[in-house]
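Visitor: Sharing a model that was predicted from the sequence below.
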Amino acid sequence: MSQRRPSFAMQCCNTPVAGAAYYDAQTGLPRISAEEKAAGFRSGVRINIMAQTILPAIGFGLAYLLWYISEHLLNMESYDLKMKTVAESDTWYVYLSAFFLCRMMYFLNFYPLIFKGSVFGISDDKSKAEKAMSANMYVYKVQSVVASGFTGTRAVLMADDGYVGRYNRANRGLHHSVEWLGIVLLEILLCGYIFPKQTLALVTLYAVGRVVHQVAHAIYGYGAQNVGFVLCLIAALTLEGLLMLTVIKGSHVGLHT
């Protein structure tokens, strides 16, 4: 009699468990040496610097390319009249304020990465179960009971197995979307006035990315959400670039057509 194959639900809900040797016997967290903690810290700092320099530059480049193609190649419409309104009313200050708010939100979201690598490690050879630990936003501890003979404190992490794990990861995706929702709404309101069609396209891309991020993470586990995150990042950075493009053109700095 042939053995019955596991269902799709069972396959995508079960996460392989790593060897106990990788974890600290007292805390249950990954064993991280002093060198690995330092490497994790440096990696987090580099990512934060990139988030405040390279990412906004990419966003501005994408926004400028989108504007140039729309106005000069596709002849969709001229944005000069709306830009003139922004310049004459000094509304570009509002767009600059929104840009600064976006940069603040990127800092707040990327800043925890400075410490994340020192807690969970940054090695690429970890198992799926070990990488899944990185989805924990918080690490709690349980005070030890003296009578048990345990002298340390054990960490309390998010359950990652079965339907409980899928439920937790789905809610983690929801939390992640709320983190970014404020600046996206602001970008929609401001960019939509001057670039309505482009804003619609970018917001659609962002929405698709959010759905992919949450569903893939919930069903397939840590790492599967990266495609959705990249789609969201491209859309959000391009919207932010449109803000800065409006500031530059509205303040008469340059980018003459």
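Guide: In hand now; what should we look at?
Visitor: Now do the same contact list for the residue nearest in space to the middle of the chain.
Guide: Geometric centre of the chain, nearest residue: Phe229, 5.6 Å, by C-alpha atoms, centre = their mean. By C-beta atoms under 8 Å, 6 or more residues apart in numbering, the residues touching Phe229 are Gly209, His213. For glycine as for every other residue, the C-beta is placed from the backbone atoms N, C-alpha and C.
Visitor: Distance check, it against Ala38.
Guide: Remark: distance between Phe229 and Ala38 (C-beta to C-beta, to the nearest Å) = 27 Å.
Visitor: so how far is stretch 88-96 from its chain's centroid?
Guide: 29 Å (C-alpha atoms, centre = their mean, to the nearest Å).
Visitor: buried ones in that stretch?
Guide: For stretch 88-96, burial by neighbour count (16 or more other C-beta atoms under 10 Å) applies to Thr91, Trp92, Val94, Tyr95, Leu96.
Visitor: Pull the most distant pair out of those.
Guide: Across the buried residues of stretch 88-96, the longest distance by C-beta to C-beta is 9.9 Å; it joins Thr91 and Leu96.
Visitor: got the residue ranges for the strands in the protein?
Guide: 140-142, 154-156 (DSSP state E).
Visitor: out of these, deepest packed?
Guide: Comparing these by mean neighbour count (mean count of other C-beta atoms under 10 Å), strand 154-156 comes out on top with a mean of 16.
Visitor: by contact count, what packs against that strand?
Guide: strand 140-142 (3 or more C-beta pairs under 8 Å, 6 or more residues apart in numbering; DSSP states H and E).
Visitor: Quickly run through the sheet partners of the strand it packs on, with directions.
Guide: strand 154-156 (antiparallel) (DSSP bridges).
Visitor: same question for the strand it pairs with, mean pLDDT?
Guide: Here strand 154-156 scores 75 as its mean pLDDT.
Visitor: Apart from its chain neighbours, what residue comes closest to Gly192?
Guide: Sequence neighbours aside, Thr199 is the residue nearest to Gly192 in space, at 4.4 Å (criterion: C-beta to C-beta, 6 or more residues apart in numbering).
Visitor: Tell me how many other residues surround the one you found.
Guide: Thr199: 21 surrounding residues under other C-beta atoms under 10 Å.
Visitor: Please name the nearest non-neighbouring residue to Leu239.
Guide: The nearest residue in space to Leu239 (C-beta to C-beta, 6+ apart) is Glu187, at 3.9 Å.
Visitor: who's in contact with the one you found?
Guide: Ala98, Cys102, Thr199, Ala236, Leu239, Glu240, Leu242, Leu243.
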